[in-house]
Structure formats: C-alpha cells, structure tokens
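A.B. asks: Take this sequence and fold it.
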Amino acid sequence: MSDIPYLTGLNTPQRTAVTHINGPLLILAGAGSGKTRVITHRIVHLIHQGVAPYNILAVTFTNKAAKEMRERVEKLIHEFPPSDRAAVDSLPTVTTFHALGVRILREYHEVLGLRRHFTIYDRADSLRAIKQALEAANYNPKEFEPRKILSKISKAKGDAKTPSVFKDESSSYPDRVAAEVWVKYEEIMAREHALDFDDLLIKTLRLIETHEHVRHALQKRFQYIHIDEYQDTNRVQFEIAQLLTGEKHNLCVVGDIDQNIYSWRGADIKNVLQFEKFFPTATTILLEENYRSTKNIIGASNDVIEKNKNRVAKEVFTSNGEGEKISLYAAMTGIDEAEYIARTAMKLVDTGISPSSIAVLYRTNFQSRSLEEAFLNYGVPYQLLGTKFFERKEIKDVLSYLRLALNPGSTADLARVINEPARGIGKVTMLKVIEGKRSELKGATLEKVERFDQIMSDIADVARTKVLSETLKFIMSRTGIETELKRNGTEDDLSRLENLRELVTLGVRYDELSPEAGVEALLENAALQSDQDEIKDKEEQDAVRLMTVHSAKGLEFAYVFISGLEEGLFPHERLDDTGIDHEEERRLFYVALTRAEKKVYLTYAHMRTIYGSQKVNVPSSFINDISQEYVESENPRGWGNTSSGYETTIFLD
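C.D. replies: A predicted model of the protein is given here:
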C-alpha cells in the first residue's frame, strides 16, 4: 500500500493502525503522536475500501474537537476522492457522546414516551427539580443539600446504575435519601418531558439495551466505530460503545493512560487497561513518536510519567532536535513568580515571538489573579481562558456584600445577594424590599428579611472598623457562603472556595489603609480589571494564554510556563481532606509538559500568601523527577541551598 497517496507521510505504526479494518483495535497514542491524523486517515481508508460513510461513526468529547475532526475528514475525502463518487456526497457521523445521545433519543423518542423536542435541563433546572423532589419525598432541602444529592445521582448515572440498583447498594443514610429523591426527580422530569445532561447518555444506553429493534438498527448503521480520548470514557460511555459494535466488534479506540486526568468526574482508566479483556481478539498498536516537542521536553516528560505504576509502559521519542533546556525559576514569593513569568513573556514577544504561541499553565484557578496583575503591569497582551478573577460569581457575590454594606442604596447589589446563599427570600419579597414596602411583609417572611438586614448591619460594622482582609473573611463566614461551599464539597465548589481565599490574600495588600479606604481601593481595582476588553474571538486573539492545566489538554504552544510547582499546590491537595492523588497529579504534570513544542519554564515560590497568611513551601516533588541534564536554573546568581534537587538560590534586592 506504499503507493496509496493518503498513506504518504505516515510512519509505520500509524500506517498499520490506518489500514487495520476489521475487529477491535486499541491505539495507545503518546502526546503529540498524531492520533487525530490516524483517526481521520483511517476513516478515509475505510471509505476507499468500500465502506459507506453512513456506516462510520467517530466520537470525541468536545464540540471543538468534533468540529476539527469533521473538517479534516471532509478535506481528506475531497483531496483523495474514492472511485465511488456517491461517497463524496455523504459523510461519516463525527460527533460528541452527548450529541450522539440527543440524536438517537430524538429519533426513537416514541419508544421512550418522550416528545421529540424534549427539554434538556441545565444545572440550574436540575437543582430546582432536585429541590422539588426532596420536598416530594418529604425531606427538607435545607437539611439535604440539593447540589450534593444531584452529584450523587450524576455519579451513579455515569456508572450506568439504575435508581433501584443505587438504592440496593446504598450503605449510608445520605445515599438512601438520594436514591428516594432520584425516583421523584425522574417523575418530575417525565412530567416535563425533560432529560438532564447525564440522561443523554444513560437513557441512550437503556434504549439500546432494552429495545432489540433499536439496537439492531443502530448496529447496522454504525458498522465501524471510532472513539477518541478513550481514557476519558466512563462506564456508561463504554457500555454504549460495546452495545453498538455488536458481534463484529469493529471498534477502534484511541487513548493515552498517561493523559487520564478526569477520574474525579467519572473517567474510568480500566476501560483502557482492560480493553483486551473486554475484546480478546483486539490488536494493540503503540504510537510513540512525538512530532510536537524537542528531545529535552520529551526526555523530561518520560522521566516524570515513568514513576507512575498504573499504566501501560511506552517510551515516547522524537526525531526533533534537542532544543533548549527546561528553565527552572525559584521565586521568593508568588508575586515575584508572576512578575518573572510576565517579564520573560515580554522578552519573548520583543524577540518577535507571537504572544498566542505562549501559554501560562496553573493547577488551580485562584493562581490567575496575580498573573493577570503582572501581565497588566508589564503591558503584555494576555487572554484568560475561563472567567476572569473578578468576574467569577463567588468573587462578585462577596464584592456585592462589601458594596451594599457601605452603600445600602445599591439595589443591584441587594438583588444579587439577598438570597445568596439561599435564605428562602423569593422574588416577590425582594421586590417589596427594593421598592421600600417592608410594611407589607408579615410573619416568617419578615423574619427572613430582618435576619438578612442584621447580616448586612454586622458586615457594615466590621467594614468600618477592621482591616480589609478581616472584613472579607467575615463576609465569607457571616453570610454562610464559606459554609455552603464546604458542605457541598464538589470539585467546582472547592475551586470557588480557593478563589475566595485568594481574594482574602489580595485584601491583605490594602490592610495598611484605613478600613473604608481599603474597601474603596479594592473595589476600584476590581472595577478597572473587570472592565478589561473581553476577547470576542479567542482563536484569533494574539495574546498569551493563561489557563489551568485541565483546560490546556489537547492544545499545543511553542512556549509553556508551568507555575506554582509546590507540594500541596501541584501536586494539589484538595480542601476536602481527601489528600493527594499522586498518580493523577503526575499525569496532569505530564500533560502540562507535553503541551510545549520548543521550551518549558518551571516556576515555584518559596513563600506564597494563601488565605491571607504567608506559607513557606516545599518545591514540588515533580521537579526532582526530572533528570538534571534537561534543566537549567534561571535565577540570576547561580546555585545555593538544596531545598530542591536543583539548588537554586534566591537573592533579595
């Protein structure tokens, strides 16, 4: 097949994967090894072998990835048209798991007793329905947090469990409550002809599982199935794929155990590790040649990931040049670290490097605040992928309390926080308060409003007498925001709590001012930074990218900064006391390293202010995983103490 045009340029393992037609195929693809190229060329090869595009399915996880794959397939089909011209006029199905579920459920809606145009609940809709379900099951939504109940139900759905199975397996009282609420939740959604995000998968699975004519029709339609990012699949996604393949098992999955970083949201690494157990006739192909990064970056990333035990051994290599060594900068403080990153990025841009080819990665969202400030100070164009620090809901809530405490006439802030967190104050009551009709309030409703008034009075007293950082801590505590986020304990809620603690850290800077002057200075700072022009087209904006490592997965940049490499921060110790998952954190660091094409900068701070207090840090153990042959110090005066394996000294000016 060496003379086939669309196979030109593929290396031997890639070619083997592309030309493997029948039976189960597991492609273990290292970072930057051209996995998307393999999938798209394999689809084109199937079409050239006479498979109708209609019979080909490719599934991935994001709309962006699906769009890019679809466009590449279309381009290849038109560039290398098959002899059957009809194949050019039809296209394979390239989509996400959830979009596939919607398509199947709409097609077979009558089988499930659904309207074709059923409603898809967003999270707010789901929480509202869960609250109703709690009340219908005779439980108090104040006693059983709706978010926590929804999280339990969501996880059970991802594990492909039914309400009855979940109930039978429930060993704790909260789980038994969740099982009862789940039944009521299903009844509410059935009445409203609605499905939530998880239902798009679990209902699809049940449809295929229990209705033979549907299963056979879909198996006949999708005779060749491809799954990208297979390491990110959960149980229900695996079972859908298994059922769709039927007896032929023409299933091609592409994944990398070393990039499994979503176990906290249900991704099951066993789907890769046990693929050959599920499909005994499977062929496994390793894609180990990296086309993205330099030898130094690949060597360092191999050093890191080989420490993990729960993986399939592979040795990624590259034919690219050796490249620059990885730079390591040991900052004295978090502010020093942010300034080093912004200053270095500015120097890169001054040499003609495009800002958009530079990325700054961090483990948690709260780290973005000091980075944004440094980039503004140095005038380096940047783009925060995600919500800007002062535009995050939890930050805006606390700042609204602060504004309202000193300006009771601010109706916008009153409307924002009067029922945040929930106090049972409805919109009608809120309007009466805003319109000055408190005399119309009676009984329990009046008591709720009076309790809110007391909260605001207490905040106002503290804001006028205490330093700003203490006022911010008081708001978090007195309003119940901190308690609610801790009680919910979800990944998002813990991230929000970390963001609020970073706000307190920022507040310390204004503690030298009088209390009210400190409040005014912070609010002015927040207003100016949140007024930064929002980027309309993130793909075209020529700016340095600031993002979490999770957000960077699947992307690549010429120059990458990985910040906050301190024990407890990266690797990250969760605030819910579950400790550190060292293997997943190491995979996350591996993902960060392998985003880079030309150069990596690693940074950490000896001292970082967290929740208003300075903390002395131990450098991340990940730094010492890397052989010193790949690393050089960026500190100006050479070598010194041995707190890390690279003996970097910090000298204060």
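A.B. asks: How confident was the prediction at D89?
C.D. replies: As predicted, D89 sits at a pLDDT of 67.
A.B. asks: same deal with L500?
C.D. replies: Reported pLDDT for L500: 93.
A.B. asks: a helix runs through it, doesn't it?
C.D. replies: Yes - under DSSP: H, G, I helix; E, B strand; the rest coil, L500 falls within a helix.
A.B. asks: Could you check how far it is from F570?
C.D. replies: 20 Å (Cβ to Cβ, to the nearest Å). Backbone N, C-alpha and C define where each C-beta goes, glycine included.
A.B. asks: and if you look at S514?
C.D. replies: Relative to F570, S514 is positioned 37 Å away (Cβ to Cβ).
A.B. asks: more crowded one of these two?
C.D. replies: Using other Cβ atoms under 10 Å as the criterion, S514 and F570 rank with F570 on top: 24 against 12.
A.B. asks: pretty sure that one is in contact with V618, am I right?
C.D. replies: No - with contact defined as Cβ atoms under 8 Å, F570 and V618 do not form a contacting pair (11.8 Å).
A.B. asks: where do the strands sit along the stretch 401-550 of the chain?
C.D. replies: For the stretch 401-550 of the chain, the strands defined by DSSP state E, counting those that start in this stretch cover 544-548.
A.B. asks: What sits closest to the residue nearest the centre of the chain if chain neighbours are left out?
C.D. replies: Note on the chain: the residue nearest the mean C-alpha position is H550, at 5.0 Å, using Cα atoms, centre = their mean. The shortest distance from H550 to any non-neighbouring residue, by Cβ to Cβ, 6 or more residues apart in numbering, is to I261 (6.4 Å).
A.B. asks: Spatially nearest residue to M547 (excluding sequence neighbours)?
C.D. replies: L385 is the one closest to M547 (Cβ to Cβ, 6+ apart), at 3.9 Å.
A.B. asks: so who does that neighbour touch?
C.D. replies: By Cβ atoms under 8 Å, 6 or more residues apart in numbering, the contact list for L385 reads K538, R545, L546, M547, S551.
A.B. asks: redo that, cut-off 10 Å
C.D. replies: A359, S368, I535, K538, R545, L546, M547, T548, S551, A552, L555 (Cβ atoms under 10 Å, 6 or more residues apart in numbering).
A.B. asks: shaky segments in the chain?
C.D. replies: In the prediction, the chain carries residues with pLDDT under 70 at positions 1-3, 84-89, 264-265, 386-388, 409, 524, 527-540, 575-579, 636-653.
A.B. asks: Please enumerate the helices of the stretch 201-350 of the chain.
C.D. replies: 212-221, 235-245, 270-273, 275-278, 295-305, 334-350 (DSSP state H, counting those that start in this stretch).
A.B. asks: which helices and strands sit right next to the longest one?
C.D. replies: When you say that, I think you mean helix 334-350. strand 326-333, strand 358-362, helix 368-378, strand 544-548, strand 557-562, strand 596-610 (3 or more Cβ pairs under 10 Å, 6 or more residues apart in numbering; DSSP states H and E).
A.B. asks: Pick the most buried one from the ones you listed.
C.D. replies: strand 358-362 (a mean of 27; mean count of other Cβ atoms under 10 Å).
A.B. asks: tell me the angle that one makes with helix 368-378.
C.D. replies: 150 degrees (axes from the mean of the first three to the mean of the last three Cα atoms, to 10 degrees).
A.B. asks: Note down every partner strand of strand 358-362 and its orientation.
C.D. replies: Under the criterion DSSP bridges, strand 358-362 sits next to strand 544-548 (parallel), strand 557-562 (parallel) in its sheet.
A.B. asks: how about the following helix or strand past the longest one: buried residues?
C.D. replies: Heading C-terminal from strand 557-562, the first helix or strand you meet, by DSSP states H and E, is helix 582-593. Neighbour counts using 16 or more other Cβ atoms under 10 Å place E583, E584, E585, R586, R587, L588, F589, Y590, V591, A592, L593 of helix 582-593 among the buried residues.
A.B. asks: ok, V272 - how many residues close by?
C.D. replies: When neighbours are defined as other Cβ under 10 Å, V272 has 22 of them.
A.B. asks: I'd assumed G255 was in contact with it.
C.D. replies: Yes - using Cβ atoms under 10 Å, V272 makes contact with G255 at a distance of 5.2 Å.
A.B. asks: Mutual contacts of these two, please.
C.D. replies: Contacts common to V272 and G255, judged by Cβ under 10 Å, 6+ apart, are L26, L28, Y230, Q231, D232, T233, V312.
A.B. asks: Which members of the residues you listed are positioned in strands?
C.D. replies: Using DSSP state E, the members of those that fall in strands are L26, L28.
A.B. asks: Quick check: phi and psi on the residue nearest to H550?
C.D. replies: phi -130, psi 20 (degrees, to the nearest 10).
A.B. asks: Do I have it right that it meets T594?
C.D. replies: No - contact status for I261 versus T594: not in contact, 12.0 Å apart, counting by Cβ under 10 Å.
A.B. asks: neighbour count winner among these two?
C.D. replies: Just comparing I261 and T594: by other Cβ under 10 Å the higher neighbour count belongs to T594, 30 against 21.
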